[in-house]
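[1] got a sequence here, can you build the structure:
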Amino acid sequence: MKKLSFTFSLVFASLFSFAFDYPMESKTLANGLKIIVCEKNTNNMAQIQVWYRVGSKDEWDGVRGMAHLFEHMMFRGTKKFNGDSKPFKIVDKLGGVINAYTTYDRTVYHEEVPASELELVIDMEADRMANLILDQNVLDTEREVVGEELRLGENNWYRRLSAERYKYLYPKEHPYQVDVIGNLNEITSFTTKQCQEFYDKYYSPNNAFVVITGNVKAKDMFALCEKYFGQIKKQLPLNQKKNEPDIFKHKIELEELTVDFPVQIYSYVVPSPAFGHKDYYAFNLFTELLFSNSNSLLNKRLVNTNLAYQVSGSQYDARMYNNYTAFDIVMQASVGNAKVKKIISKEIDELVAEGFDENDIKNYLSYLETKVVFGSYSNQEINGVLGFAEYYYNDYKKYNASLEEYRKINNTHLREIGKRYFNPENLKIINIKPKEVD
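    Sure thing, here's the model as predicted:
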């Protein structure tokens, strides 16, 4: 049995380290469903996550938004657990919490309950995989909920701006060409037949895996999963990675946008290498140190000096495909804002020439290590780490690989990233201005 060990270190006058050791084990059922169990017996709770290898990247024209809508419909009841919002009611009665999320690449369902009640939740998740109710009433209810999400987004100026900008970014046929929430005109036209086709195409034991962490024994969890999930016979063809247009050769034609809010934004849009690319981790670190982190170079240079209100990023770290990342410099609308672009260009040139301050790199690594140690107290965080490793590395035992990759990065790597990605050929700056008042 493998030991799960979380290690945390900080560079101070001396080195502090904390280790949390939890037994881990896995088993794959005959139908292809892999079960990963972490025995973290620190309290009486346990969490289960069911990861499906499906997201908005798997949609096609006519069903844009289906993956996210399906996340909603999975909470409406099954043949065995029928009744409106039955999963919510079951978990609430057990004193637990239940939720889910959808990304471009995956859909994950999770519940945390007293460990003694976990069998009921496993039974429910298995029935959701095999026997979801997909009738017109469920469809009408949930697409109205998603439609309301879209309409609420349209009432937020920044979300509305982001959605408008997104339409101009990706070439046709790119897996991320449509945002996760989809298109309202398609969502309102979905049929139950389309929903059933999507369910049959992606919700299967061999297109999913289960992660359980908490006050449990692996052998007991394997037995319960065999009892409930093991009876599911449906199988899907392996979900192969899609071909994608080369966004590094794609030219974004958008130069300007307007926003109905009294700010000006310089939107820095840069192609971002996918997970598995040799530059993936170094690119993420470069953008964190330059843009995203609260202590980033541009936060210090622009926000702390009142040249900008904020630096806002939209980086999707868990990207299976090359994508675009937008970093927004939000400022008071002013004729003098051009100097901000000059400052950013100067900073990028200096980073290419000299790299980052070594202390900034060390501090960020310490921040990542701190997240690991605090995460080791949480069933949800551990499940997330193990799930990420299984999904992206195809090996949950590589749960610590991301931190190890970040530790390997040095200033030479970061200078190369600046030169390779943040050059005039790749970096696009979109000027977003407030609408003129008539």
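
[2] helices of the stretch 1-150 of the chain, start to end?
    Using DSSP state H, counting those that start in this stretch, the helices of the stretch 1-150 of the chain run over 66-73, 86-93, 118-130, 136-154.

[3] need these in TSV with distance to Ile348, mean neighbour count and mean pLDDT, can you?
    Glycine gets a C-beta too; all of them are placed from N, C-alpha and C. Formatted as TSV, those follow (distance: least, CB to CB, whole Å; neighbours: other CB atoms under 10 Å; pLDDT from 0 to 100):
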stretch	distance to Ile348	mean neighbour count	mean pLDDT
helix 66-73	35	23	92
helix 86-93	48	17	88
helix 118-130	47	22	96
helix 136-154	32	15	84
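
[4] mind giving me a markdown table with those and columns for distance to Glu256?
    Below are the helices of the stretch 1-150 of the chain laid out as a markdown table (distance: least, CB to CB, whole Å):
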| stretch | distance to Glu256 |
| --- | --- |
| helix 66-73 | 30 |
| helix 86-93 | 45 |
| helix 118-130 | 46 |
| helix 136-154 | 21 |
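
[5] those helices: which one's closest to Phe248?
    helix 66-73 (26.2 Å; CB to CB).

[6] for Tyr170, phi and psi?
    Main-chain torsions, Tyr170, degrees, to the nearest 10: phi -100, psi 140.

[7] show the pLDDT at it.
    Note on Tyr170: pLDDT of 95.

[8] relative to Asp61, how far out is the nearest residue to it once chain neighbours are set aside?
    Once flanking residues are discounted, Tyr170 sits nearest to Gln177: 4.2 Å by CB to CB, 6 or more residues apart in numbering. Relative to Asp61, Gln177 is positioned 10 Å away (CB to CB, to the nearest Å).

[9] if we can go back for a sec, element containing the residue nearest to Tyr170, please.
    For Gln177, there is no host helix or strand (DSSP states H and E).

[10] report the distance from stretch 37-52 to the chain centre.
    Put simply, stretch 37-52 sits 20 Å off its chain's centre (CA atoms, centre = their mean, to the nearest Å).

[11] for that stretch, measure first residue to last.
    End-to-end distance for stretch 37-52: 17 Å, by CA to CA, to the nearest Å.

[12] how about that stretch: buried residues?
    Val37, Cys38, Glu39, Lys40, Met45, Ala46, Gln47, Ile48, Gln49, Val50, Trp51, Tyr52 (16 or more other CB atoms under 10 Å).

[13] still on that earlier bit, Gln177 and Asp61: which has the busier surroundings?
    Taking other CB atoms under 10 Å, Gln177 and Asp61 do not tie; Gln177 has more neighbours (19 against 10).

[14] look up phi and psi at that one.
    phi -60, psi -20.

[15] quick one: contacts for Asp246?
    Asp246 is in contact with Asn322, counting by CB atoms under 8 Å, 6 or more residues apart in numbering.
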